[in-house]
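>>> Sequence first, predicted model second:
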Amino acid sequence: MLRQRSLLSPAAKAIYDQNVCEALWHLMEQKRCQTVHTYLPMGSEINIFPFIKQCLAHQKTVICPQTLPKRRFINLILTSLQDLEPGVFGTKHPAGKSIFEGTYDMIVVPGLACDGDRCRLGYGGGYYDTFVADCPKAHKVGVFYPFQQIDKIPLEPHDMQLNDLLVCQAWMD
């Protein structure tokens, strides 16, 4: 999946990414979300920076993870995309230590693959599964390219099901 994602043409990627950003914003409005936890894209992940910018412009509270050992995040408040620090595994996170300890309306989750049961395959660390397990009331949504949808994700006991999948132009409830 990583290889397939990296082979996506820049033009196709831009169109897919824009569609995902628009669908995420529509979902935020539909669910009346004020607080969103989201990844900061790296490499060939779906570029949701336009969605994040839109959230900031509309005074939504945006929280991004700083990856820690043992499948844990510190969840930091993002106030600007110009104020980021490098993290582990090639990640970035908000600079400073403005830790958020409230609840989330929506959590946007990246991944390598998904299936029709709203299960996702991540990068193997279990970070998001551990995190979303502690947020039962948040609306959890995964974002994927069409070729990332497969018949069945192999599950482990700690794997968590999402509420929605955004597979480019459409999502599955």
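Arrived safely.
>>> What residues sit buried inside stretch 65-75?
Residues 65-67, 73, 75 are the ones in stretch 65-75 that count as buried (16 or more other C-beta atoms under 10 Å). Every residue, glycine included, has its C-beta placed from N, CA and C.
>>> Thr35: how many residues sit nearby?
Neighbourhood size, Thr35 [other C-beta atoms under 10 Å]: 18.
>>> show me what contacts Asp134?
Listed by C-beta atoms under 8 Å, 6 or more residues apart in numbering, Asp134 has no contact partners.
>>> Check the spacing between it and Asp83 real quick.
Distance of Asp134 to Asp83, computed by C-beta to C-beta, to the nearest Å: 26 Å.
>>> Next up, the contacts around Cys114.
Contacts of Cys114 (C-beta under 8 Å, 6+ apart): 120-121, 142, 144, 148-150, 153, 162, 165, 167.
>>> Let me have these in CSV, extended by neighbour count, pLDDT and secondary structure.
Output for those, formatted as CSV (neighbours: other C-beta atoms under 10 Å; pLDDT from 0 to 100; DSSP: H, G, I helix; E, B strand; the rest coil):
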residue, neighbour count, pLDDT, secondary structure
Arg120, 26, 85, strand
Leu121, 19, 80, strand
Gly142, 28, 93, strand
Phe144, 26, 91, strand
Gln148, 22, 90, helix
Gln149, 16, 88, strand
Ile150, 16, 86, coil
Ile153, 21, 84, coil
Leu162, 21, 90, coil
Leu165, 25, 87, strand
Val167, 21, 79, strand
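>>> Of those residues, which pair is most distant in space?
Ile150 and Leu162 (14.8 Å; C-beta to C-beta).
>>> Just list whatever residues bridge to the residue positioned nearest the centre of the chain.
In the chain, the C-alpha nearest the mean C-alpha coordinate belongs to Val109, at 2.7 Å (C-alpha atoms, centre = their mean). Here Val109 sits in beta bridges with Gly142, as judged by DSSP bridges.
>>> Surely it and Val141 touch.
Yes: counting by C-beta atoms under 8 Å, Val109 touches Val141, with 6.8 Å between them.
>>> Can you check which residues contact both of the two?
Residues touching both Val109 and Val141 by C-beta under 8 Å, 6+ apart: Leu162.
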